[in-house]
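# Turn this into a model:
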Amino acid sequence: MKKSRGVKAIKEIARKRGIRVAEARREMELAIDAAMLNPDPASQEFWDKYMQSGNKLTPEDFIIYIAKKIESDKRSEKTTSGHEST
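Residues are numbered from 1 along each chain as shown. From the prediction side, this is the model:
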């Protein structure tokens, strides 16, 4: 998945909310920052795995990461449930 897809997603969010792209991106950065501070152990485990590179990713990169994770999880569910199509 290309970074441009993350950029497109943010543009679409901004358009739907009637705000500037920079504002939508900043709101996402704030939401990511707040989520990273969540003391819940499951949340911290997620962020520890996500931040293995040591760098905070951009909102665009985060969108791509989450989209890939969802796609991977869906494939895993199909495989483990025996419903994978060939």
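
# give me the low-pLDDT residue ranges for the chain?
The model of the chain has pLDDT under 70 over residues 1-3, 52-53, 81-86.

# Grab the longest helix from it for me.
When the chain is parsed with DSSP state H, its longest helix is helix 59-81.

# Tell me which residues touch residue 36, please.
Counting by C-beta atoms under 8 Å, 6 or more residues apart in numbering, residue 36 touches 47, 51, 56. From N, CA and C alone the C-beta is placed, and that goes for glycine too.

# from the residues you listed, which is closest to residue 21?
Minimum distance to residue 21 across the contacts of residue 36 is 19.6 Å, recorded for residue 56 (C-beta to C-beta).

# And the closest one, which helix or strand is it part of?
According to DSSP states H and E, residue 56 maps onto no helix or strand at all.

# Tell me which residues touch it, please.
By C-beta under 8 Å, 6+ apart, the contact list for residue 56 reads 32, 36.

# Residue 23 too?
Neighbouring residues of residue 23 by C-beta under 8 Å, 6+ apart: residue 14.

# What strand or helix carries it?
Per DSSP H and E: helix 21-36 holds residue 23.

# any residues touching the next helix-or-strand element following that helix, and which ones?
Toward the C-terminus, helix 21-36 is succeeded by helix 41-50 as the next helix or strand (DSSP H and E). Helix 41-50 is contacted from outside by 35-36, 38, 57, 65, using C-beta under 8 Å, 6+ apart.
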